[in-house]
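# sequence below, structure please.
(chains A and B)
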Amino acid sequence: KAGVTQTPRYLIKTRGQQVTLSCSPISGHRSVSWYQQTPGQGLQFLFEYFSETQRNKGNFPGRFSGRQFSNSRSEMNVSTLELGDSALYLCASSFTGTGDNEQFFGPGTRLTVL
Amino acid sequence: AQRVTQPEKLLSVFKGAPVELKCNYSYSGSPELFWYVQYSRQRLQLLLRHISRESIKGFTADLNKGETSFHLKKPFAQEEDSAMYYCALVGVTGGGNKLTFGTGTQLKVEL
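Reported below is the predicted structural model:
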């Protein structure tokens, strides 16, 4: 079974630009979650989508948004990029939406904002 | 609010020595606790979860609700255990899949 894939793997943008990251979950998984990982703040939850609906949202500004398609693939968008948005963005998928399910993580997208 | 605390950033032990990675949590409801591990140049992956009550790669973790702890233990450390370990929590009631992670503990097993 193919694992979670994320594209692109690396991205360099400048302040003020916007960016879209993509995540393809494991086949059959309906829940996709996004996390931001930085050396200072660690792993922080951004949002979760289940069956095309945002179910949970973390404490991030409205510049961070996402969506999920009918095939469970998900995208997250960051508008008006700031230097502090430089981070590794991880996507995770799970079979169901119950919290006790294992989440499978992708390799991440490394975003650098200059 | 839910919170996970891992007090040690780095834990260094000798091969064959016992290992204990500490994790304390704060959550008003009934949580599910997990340990995730990240080996060098690999993805973050689940090591074990409270609900399964199983031992993985010799590691065990017991949920102590009185002390709100979920420490990870292994009686004899192996070199291949060197990795970054994250304790994480999901709120069972309406929590969905929102994982709250601790800051992680880097385990280094020395020969």
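# quick one: low-confidence ranges for the chain?
Just so you know, I chose chain A. A:1, A:97-100 (pLDDT under 70).
# that answer is for a different chain, and I need it for chain B
For chain B, the stretches with pLDDT under 70 are B:92-95.
# nearest to chain A: which residue in it?
B:Val90 (3.5 Å; C-beta to the nearest C-beta). Placement of C-beta: from N, CA and C, glycine included.
# look at stretch A:65-85 and report the distance between its end residues.
Stretch A:65-85 has an end-to-end distance of 13 Å (C-alpha to C-alpha, to the nearest Å).
# please see if that stretch touches chain B.
No. Taking C-beta under 8 Å from any C-beta of the partner chain as the criterion, stretch A:65-85 and chain B are apart, separated by no less than 12.5 Å.
# buried residues in that stretch?
Within stretch A:65-85, the residues that count as buried by 16 or more other C-beta atoms under 10 Å in any protein chain shown are A:65-66, A:68, A:72-76, A:78, A:81, A:85.
# could I get those residues as a markdown table with secondary structure?
As requested, those are exported to a markdown table (DSSP: H, G, I helix; E, B strand; the rest coil):
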| residue | secondary structure |
| --- | --- |
| A:Ser65 | strand |
| A:Gly66 | strand |
| A:Gln68 | strand |
| A:Ser72 | coil |
| A:Arg73 | coil |
| A:Ser74 | strand |
| A:Glu75 | strand |
| A:Met76 | strand |
| A:Val78 | strand |
| A:Leu81 | coil |
| A:Asp85 | helix |
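# after the helix or strand containing the residue of chain B closest to chain A, which helix or strand is next?
Secondary structure assigned from DSSP states H and E places B:Val90 in strand B:83-91. Where DSSP H and E defines the elements, the next helix or strand beyond strand B:83-91 is strand B:100-101.
# adjacent strands (with direction) for that following strand?
Pairing partners of strand B:100-101, with direction, according to DSSP bridges: strand B:83-91 (antiparallel).
# return the distance of A:Phe95 relative to B:Gly104.
Here the distance between A:Phe95 and B:Gly104 works out to 26 Å (C-beta to C-beta, to the nearest Å).
# ranges for the strands of chain A?
With strands called from DSSP state E, chain A shows them at A:5-7, A:10-13, A:19-24, A:31-38, A:42-50, A:53-57, A:64-68, A:74-78, A:87-94, A:104-105, A:109-113.
# which residues are contacting the longest one?
Residues outside strand A:42-50 that contact it (C-beta atoms under 8 Å, 6 or more residues apart in numbering or on different chains): A:30-38, A:54-60, A:64, A:66-68, A:74, A:76, A:89-90, A:97, B:86, B:96-104.
# alongside chain B, which residues does chain A contribute?
Those residues of chain A that sit near chain B, judged by C-beta under 8 Å from any C-beta, are A:3, A:31, A:33, A:35, A:42-45, A:48, A:50, A:55-56, A:58, A:90, A:92, A:94, A:97-108.
# ok, of the contacts of strand A:42-50, which come out buried?
In terms of neighbour count (16+ other C-beta under 10 Å), the buried residues within those are A:30-37, A:55-56, A:58, A:60, A:64, A:66, A:68, A:74, A:76, A:89-90, A:97, B:86, B:96-104.
# what's the neighbour count on B:Cys23?
Burial measure for B:Cys23: 26 neighbouring residues, criterion other C-beta atoms under 10 Å in any protein chain shown.
# hmm, it is touching B:Phe70, no?
Yes. In this structure, B:Cys23 sits in contact with B:Phe70. The criterion is C-beta atoms under 8 Å, and the distance is 4.7 Å.
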